[in-house]
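Q: have a look at this prediction, sequence included:
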Amino acid sequence: MTSNHGSKDMTVDVLIIGAGASGAAAAASLSEAGFKVKCLEQGFWQDPSKYASASADYDFEMLTNWSVDPNKRQLDEDYPINIDNSPVTPVMFNGVGGSTILWTAHTPRFHPSDFRVKTLDGVADDWPLTYEDLAGYYDRNDEVMGCSGINGDPANPPRKPRQMPPLPIGSDGMRLINAFEKLDWHWWPSDNYINSEPYGEGRDACNFCGHVHMGCFKRAKASTDLTYWPLALKNGAVIETGARVRRITTDSSGIATGADYVDSKGVERHQPARSVVMAANGIGTARLLLLSKSDSHPDGLANSTGLVGKNLMFHPFAMITGVFPENMKTWQGPLSNFAMSQEFYETDESRGFVRGYTYQFQRSLGPGWVANGGFTNAIPWGDSHHEELEKRLGSMMAIAVIGDDLPEPHNSVDLDPDLTDSDGVPAPRINYTLSQNSRDLLDHGIKNATKVFETAGATDIYVDPLMRQSGWHLMGTARMGEDSSNSVVDKWGQAHDVDNLFIIDGSVFVTGAAVNPTPTIQALALRTADYIIANRNDLKG
Amino acid sequence: MTSQHSTQEQLLEAIMDRMIPAIGDLPSAGQMGLVDEIIQLAAKQKRFEDLFHSATAAFESSSPDFLTSSESVQDGNLKTFESNNPEHFNTIRTIVYIVYYKDSRVHKRIGWDGQPPQPQGYEMDPWDESVLVNARKREPFWRKV
């Protein structure tokens, strides 16, 4: 039996589904403006002092209980994902902070051209907004999350100064950078939401432990449980954790009325709301919309076009690992993204593909991780084992190619007919194939990264042409657009089909660009919140 | 201890001996007394523990004479298993490598400080803006819209 937590009117103005990057940003803005906000989150609060980077078993934990892959982590709050038809495994975290708990916090912005790929390159679609529309929101987001970086990058438009200087490059980093300079190719210190000096309430500077992807013990990496949520809670917003949403409910006219969910004690409940904001990521949101069928929405909520779940974009990754003759202690410093190159970001038709890619510079970790391969194959067992370990430990670096991913309808999320989560809710199923444009783009990136390592003096070079566990960036499954016949939401994130339903996660992306999406997701969430604040007083009780 | 555990332990020791041979003062991995730790660590996650037990069982049935075979035959058995059962083989190798490289005797030999990454972290030289002297010379090249 479904309960409404007693007889008192529990209706909230805005019900947010998911407490990650976007849900937190919207919650802080909307609650500050006086909206009564509640968030349902299937995971829980995390205690940074218990992150596995301080455990002696950190190498084991990284592959199991703290894996970025929910199919390997298998916590009760995770849902399984059928990946039999995908060469890329989606990765995420379910909890307050969402995937910002385990992300590497690399935060480059989209380029202006990323919003105009149809006009410029004749592919996919233009976004219904521009870089300039988002620039101020990027800045606002940087203020709250805290950005380390530096102005002057010739590959990107000018912008406001970052809050902190860049993270240090290190002598190992300079080895790669010198090679880029010899080749006369662009490089620049990466923007990261990692503190290079103390910034934010109770948040220390990074101490270069390397394990940025396991939760930050020092709170130096920005995750929204540390940044936006404290602001939102101070404003009166409420999070209910351990709350697994079954469906968004609607009335006979098709308007959203709240959500049915299972609470942390297993009790079926209904949360009534005047509006619903979906912030459950590019897989979770599509899953819930498809689960929310009703007489008014027979194909799923906001799905009159059939586009919910279609056009899934991941950002395909290739990884090139180089081994240098010297031990440079490459385990010291953040594993990922101390610098980047966007030499090949913009379209150059002579390359044989459209759009481009970013290079992300990576380090390495300790002996357990190196022995098991790091970003490449495991060290051989047997007679050559010790020699190979000695060769790689402290001497491995890597370059990731993160390619622009263009939307294709056959790349999709749908509902698995058999697989369910621990509450019996149907699980998502992924169907994804790599396009020829993406393959060509990655191959170009591999060839040139190999040249970088050769120039830098690497003695061994290993190539992973398509990383399996790299589906961090979940985008495109409820795309935005002006035309309601070929998009799910408008330029404000408002569903074309449902007046009081908004989507603010990566689902709304029209194209993927070739950078990590979180600052763009959060900027869009802040923009949608501003729209609601300015135009939807009718949602206030 | 059950006889099943005992067989699994003996098998693991023998596998570890072939995977990570002796070096310097250190015996081969199977002789370092790490098997209990492997079994305990695997039990820290149900999914992994199930995989681990099914991997060792699969290896045992694929190579029933492993314990009494010569080293060269054992190597051949392991290579065949690696090729035919990559997921099972990777499960065993992964945990063998993890446990071996968390051992203080191994740390001493390879010069690893042995601490978990936190709370100490590591030292790095501070950010130095002079590294940008060449990068700053380039004119803006982002595509204007």
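A: Noted; the coordinates are in hand.

Q: and stretch A:425-437, end to end?
A: 36 Å (CA to CA, to the nearest Å).

Q: just the residues contacting it, thanks.
A: Applying CB atoms under 8 Å, 6 or more residues apart in numbering or on different chains, the contact partners of stretch A:425-437 are A:79-88, A:90, A:123, A:244, A:246, A:283-284, A:286-287, A:291, A:312, A:314, A:316, A:353-355, A:406, A:408, A:410-417, A:419-421, A:466. Where C-beta positions appear, they are placed from N, C-alpha and C, glycine not excepted.

Q: same thing with stretch A:479-498?
A: A:125, A:127-129, A:250, A:254-256, A:297, A:301-305, A:307-308, A:311, A:407, A:478, A:501-504, A:507-510, A:524-525, A:527-528, A:531.

Q: excluding residues flanking it in the chain, which one is nearest the closest residue to chain A within chain B?
A: Among all residues of chain B, residue B:121 sits closest to chain A, at 2.8 Å; criterion: CB to the nearest CB. Spatial nearest neighbour of residue B:121, chain neighbours left out: residue A:207 (2.8 Å); criterion: CB to CB, 6 or more residues apart in numbering or on different chains.

Q: now do the SS call for the spatially most central residue of chain B.
A: In chain B, the residue lying closest to the centroid (CA atoms, centre = their mean) is residue B:97, at 1.7 Å. Judged by DSSP: H, G, I helix; E, B strand; the rest coil, the three-state class of residue B:97 is helix.

Q: surely it meets residue A:371?
A: Yes: taking contacts as CB atoms under 8 Å, residue B:97 lies within contact range of residue A:371: 4.1 Å.

Q: ok but residue B:92 is inside a helix, no?
A: Yes: using three-state DSSP, the assignment for residue B:92 is a helix.

Q: hmm, it is touching residue B:59, no?
A: Yes: using CB under 8 Å, residue B:92 makes contact with residue B:59 at a distance of 7.0 Å.

Q: before we move on, which element is residue A:368 in?
A: helix A:367-371 (DSSP states H and E).

Q: which SSE is immediately downstream of that helix?
A: Taking DSSP H and E, what comes next after helix A:367-371 is helix A:385-392.

Q: close to chain B: what parts of the stretch 251-400 of chain A are there?
A: A:329, A:331-333, A:345-347, A:365-368, A:371-372, A:378-379, A:381-383, A:385-386, A:389-390, A:393 (CB under 8 Å from any CB of the partner chain).

Q: give me the pLDDT value at residue B:114.
A: With respect to pLDDT, residue B:114 scores 86.

Q: got phi/psi on it?
A: phi 80, psi -10 (degrees, to the nearest 10).

Q: ok, now residue A:19?
A: Dihedral angles for residue A:19 - degrees, to the nearest 10 - are phi -110, psi 30.

Q: list the contacts for it?
A: Residue A:19 touches A:27, A:39, A:41, A:43, A:95-98, A:224-225, A:229, A:239, A:241, A:279, counting by CB under 8 Å, 6+ apart.

Q: among the residues you listed, which ones are in helices?
A: A:27, A:229 (DSSP state H).

Q: the closest residue to chain B within chain A and residue A:458, how far apart?
A: Chain B sits closest to residue A:207 of chain A, with a gap of 2.8 Å, by CB to the nearest CB. Using CB to CB, to the nearest Å, residue A:207 is found at 28 Å from residue A:458.

Q: of the two, who's got more company?
A: residue A:458 (23 against 18; other CB atoms under 10 Å in any protein chain shown).

Q: correct me, but that one touches residue A:320?
A: No: counting by CB under 8 Å, residue A:458 stays clear of residue A:320, with 9.5 Å between them.

Q: who's in contact with the residue nearest to the centre of chain B?
A: Contacts of residue B:97 by CB under 8 Å, 6+ apart are A:368, A:371-372, A:378-379, B:20.

Q: so what's the residue nearest to residue B:121 up against?
A: Residue A:207 makes contact with A:218, A:220, B:118-122, according to CB under 8 Å, 6+ apart.

Q: buried ones among these?
A: A:218, A:220, B:118, B:121-122 (16 or more other CB atoms under 10 Å in any protein chain shown).

Q: tell me how many other residues surround residue A:87.
A: Residue A:87: 15 neighbours (other CB under 10 Å).

Q: burial of the nearest residue to residue A:100 once chain neighbours are set aside, as a residue count?
A: Distances taken as CB to CB, 6+ apart place residue A:223 nearest to residue A:100, at 4.0 Å, with adjacent residues excluded. The number of residues packed near residue A:223 is 29, by other CB under 10 Å.

Q: near chain B, which residues of the stretch 1-150 of chain A?
A: A:51, A:53-61, A:63-65, A:72, A:74, A:111-113, A:115-116, A:119-120, A:130-131, A:150.

Q: in PyMOL, select just the buried ones from those residues.
A: Buried members of these, defined by 16+ other CB under 10 Å, are picked up in PyMOL with:
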select buried, chain A and resi 51+53+54+55+57+58+59+60+61+63+64+65+72+74+111+112+113+115+116+120+131+150
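
Q: quick one, strands of chain B?
A: Counting by DSSP state E, chain B has no strands at all.

Q: scratch that, the stretch 301-450 of chain A is what I was asking about
A: A:317-323, A:336-341, A:357-362, A:396-403, A:412-420, A:426-431 (DSSP state E, counting those that start in this stretch).

Q: how about these in a markdown table, adding mean neighbour count?
A: Output for these, formatted as a markdown table (neighbours: other CB atoms under 10 Å in any protein chain shown):
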| stretch | mean neighbour count |
| --- | --- |
| strand A:317-323 | 24 |
| strand A:336-341 | 24 |
| strand A:357-362 | 26 |
| strand A:396-403 | 27 |
| strand A:412-420 | 16 |
| strand A:426-431 | 21 |
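
Q: closest one to residue A:172 among the ones you listed?
A: strand A:396-403 (6.1 Å; CB to CB).

Q: what's the angle from that closest one to strand A:357-362?
A: 160 degrees (axes from the mean of the first three to the mean of the last three CA atoms, to 10 degrees).

Q: which residues in the stretch 151-300 of chain A form strands?
A: A:188-189, A:238-241, A:244-250, A:256-262, A:268-272, A:276-278.

Q: okay, now the sheet partners of the fourth one, with direction.
A: Read that as strand A:256-262. Paired strands of strand A:256-262, with direction, are strand A:244-250 (antiparallel), strand A:268-272 (antiparallel) (DSSP bridges).

Q: so what's the residue nearest to residue A:100 up against?
A: Taking CB under 8 Å, 6+ apart as the test, what residue A:223 contacts is A:97, A:100-101, A:103, A:215-216.
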